[in-house]
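Asker: Provide a 3D model corresponding to the input given below.
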Amino acid sequence: MNWVINLKLKVLLVDDEAPILNNLTKVIPWGRMDFEIVGLARNGLEALRMVNEHQPDLILSDIRMPLMNGISFVKELRSQDNNCEVLLLTGYQEFEYARAAIHYHVKDYICKPIDYEELENTVCKIADYIRAKRKKLLKEQQLNEVILWANENYLLHTLLGQEADKAKMILAEENLVERKNFAVLLVDLNGYAYKSMTWTNHERKVWNLHIKEKLKDVLGNVLMEMTIVQVREGEWCVIFSAAAGGEPITREDLLPRFLSLQAIIDQKDSMCLQMILYQEPVALNELSGVYKKLQQALILNSSQDWFVIAESSFALEKVPESEDRTSQWKWIEQMAAGLRHGDGHALQQVIRELKNYVGHLKEPSISRAEKLLHYFLIHLVREMRELHMLPSDQEELVWQQMQQSLSLKELLSLFVSLMERSLDSDSSSSKKSSEQLMLLAQDYIQHKLDQDFGIEEIAEYLGISCSYFCLLFKNYFGETFVEYLTKQRMEVAKCLLRSSNKSIAQIGIGVGYQERRYFTKVFQKYFGMTPSEYRLQESPAI
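Answerer: I've put the predicted structure just below:
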């Protein structure tokens, strides 16, 4: 996150008398006060054109001018929602002008003949006010970005079933994470894994980010208090506030948004966008289960429509009582866990159970089983790609096979061959690779404690996806990335408070907090006392 305060201010000078304009440019030390003169106007109409072109921070304007006087100019300025500061210059001292100026939020006015020393002092005060307001706005933007970043990462962990300790999350008291009225829209690109096979990592990252931003644009005015989490490539979970007694979201509401998004996707490649909506209010700790069931509903629903509404019962196509859908979907979790941890026993168990399942199928269930196995294959290839277990040329061969009309037996054979390939690879090297990644992550964090960075940056540095990084990190360190980073920063801050003479603001900057107030808030939540109180407590008694 990059925040830069531009201390240079822009000023526009407006007066119909050329000698006064000339004096204003030369007598007032604009450069020393860090002002840039962006225009000289002789009337209100000319000034309005310059305002739209240059967006000044301060306007010095005469009141009595031809075509459009100063009061009319300010009135028109405010009607355009322009809130720049205005300082009026006037030879009129009547109360009516002052009252009109106050009505249009003029900052101050100076009477002619101009006392230039008074004018300089007034401009200095207004400049200080503008900069203070700009810094306050910047702080609010910083805090909002931190809250957004924390919410997205918190929700990513929650969707993955890795809910973080809320007590250690440094968030505002009334933010999205604390609410208990979530609804979920799952957005998935059918065919993404195959179509993106030839893209570079950079191309995939940029394109996924582009689609995420487009989702924000097109869904923002229909889904309230929305946060978009990319759980994996080509799949986004949109978490928003469920309607409390209001009108539910309908297919008709989302259709124009779908068409807009699909048009953007078609420009890149022919992939089909699919959405499945669950809008009955759910609590935070239910999100992981809802997410898994939405994935299941999207794959198993017999309709190939772009939009599906999932009810609380998740009523999909009828499943024979002899088939246990719950155990089928556990295979995906067991498969993913076995691959990530190099657990050959878990992978062999999945193969055995899947063979047994296929071997006992009855004729009416074969079509649905083919669909299920096809999805398992897509999921398996995605996992192996993230774990660098499948070279690109071999992945291409797998996709070519999957484009053909494979029978159930052929699908099972392809799935088993891929699983056995992962079993043949050295499981210890897989573990070692995961350990090396986390050691690199640990080193990266230690060297970046004084900077603003998040999961996306570190995952890109390691060359893995954000979701895979989160899983590896939690498994290796026993806590989430946010919890670990906060702990490291707080421990370093505590050490510096004890052993150095640096100011609290300097220590905060040294551990990644540019604002002292925010650093103090984090420290107090973490240790139960402010940095000043901790330093006083640890100071040697005299």
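
Asker: switch to C-alpha atoms for all contacts and neighbour counts from now on
Answerer: Will do.

Asker: residue furthest from the geometric center of the protein?
Answerer: Pro113 (54.5 Å; C-alpha atoms, centre = their mean).

Asker: ok but that residue is inside a helix, no?
Answerer: No: the assignment for Pro113 by DSSP: H, G, I helix; E, B strand; the rest coil gives coil, which leaves it out of any helix.

Asker: For it, give its distance to Thr122.
Answerer: 15 Å (C-alpha to C-alpha, to the nearest Å).

Asker: Specify the local secondary structure of Met68.
Answerer: Under the three-state scheme (three-state DSSP), Met68 adopts coil.

Asker: so what's the residue farthest from the centre of the chain up against?
Answerer: Remark: with contacts taken as C-alpha atoms under 8 Å, 6 or more residues apart in numbering, Pro113 is in contact with Gly91.

Asker: Show the backbone phi and psi for it.
Answerer: phi -60, psi 140 (degrees, to the nearest 10).

Asker: how near is it to Leu89?
Answerer: The value you get for Pro113 to Leu89, if C-alpha to C-alpha is used, is 9 Å.

Asker: And for Asn201?
Answerer: Taking C-alpha to C-alpha as the criterion, Asn201 is separated from Leu89 by 60 Å.

Asker: Equivalent analysis for His388, please.
Answerer: Computed with C-alpha to C-alpha, the distance linking His388 and Leu89 is 70 Å.

Asker: Which one's more surrounded, the two?
Answerer: Set His388 next to Leu89 and count neighbours by other C-alpha atoms under 10 Å: Leu89 wins out with 22 against 14.

Asker: Could you confirm the more buried one falls within a helix?
Answerer: No: the assignment for Leu89 is strand, going by three-state DSSP, so no helix is present there.

Asker: Once you drop chain neighbours, what's closest to it?
Answerer: Counting by C-alpha to C-alpha, 6 or more residues apart in numbering, Leu89 lies nearest to Asp62, which is 4.5 Å off, once chain neighbours are set aside.

Asker: Then Arg257?
Answerer: Taking C-alpha to C-alpha, 6+ apart, and ignoring the residues beside it in sequence, Arg257 has Val218 as its nearest neighbour in space, at 5.7 Å.

Asker: Could you check how many residues crowd around Ser79?
Answerer: Under the criterion other C-alpha under 10 Å, the count of neighbours that Ser79 has is 11.

Asker: what do you get for Ile509?
Answerer: The burial count assigned to Ile509 is 18, neighbours taken as other C-alpha under 10 Å.

Asker: give me every residue that touches it.
Answerer: Neighbour list for Ile509: 450, 515-516 [criterion: C-alpha under 8 Å, 6+ apart].

Asker: buried subset of these?
Answerer: Using 16 or more other C-alpha atoms under 10 Å as the burial test, the contacts of Ile509 include 450, 516 as buried.

Asker: from the contacts of Ile509, which is closest to Lys133?
Answerer: Distances from the contacts of Ile509 to Lys133 were compared by C-alpha to C-alpha; the smallest belongs to Glu515, at 15.6 Å.

Asker: Output the below-cut-off pLDDT ranges for the stretch 151-300 of the chain.
Answerer: Across the stretch 151-300 of the chain, the stretches falling below the confidence threshold (pLDDT under 70) are 151-153, 161-180, 194, 202, 243-246, 296, 299-300.

Asker: circling back to that earlier point, the residue nearest to Arg257 in helix, strand or coil?
Answerer: Classification of Val218 by three-state DSSP places it in helix.

Asker: Could you do the one 5 residues further on as well?
Answerer: Here Leu223 takes the coil state, with states given by three-state DSSP.

Asker: Wait, it touches Glu247, no?
Answerer: No: under the criterion of C-alpha atoms under 8 Å, Leu223 makes no contact with Glu247, lying 11.6 Å away.

Asker: Compare those two and say which is more crowded by neighbours.
Answerer: Regarding Leu223 and Glu247, a neighbour count based on other C-alpha under 10 Å identifies Leu223 as having more, with 22 against 8.

Asker: Understood, closing this out.
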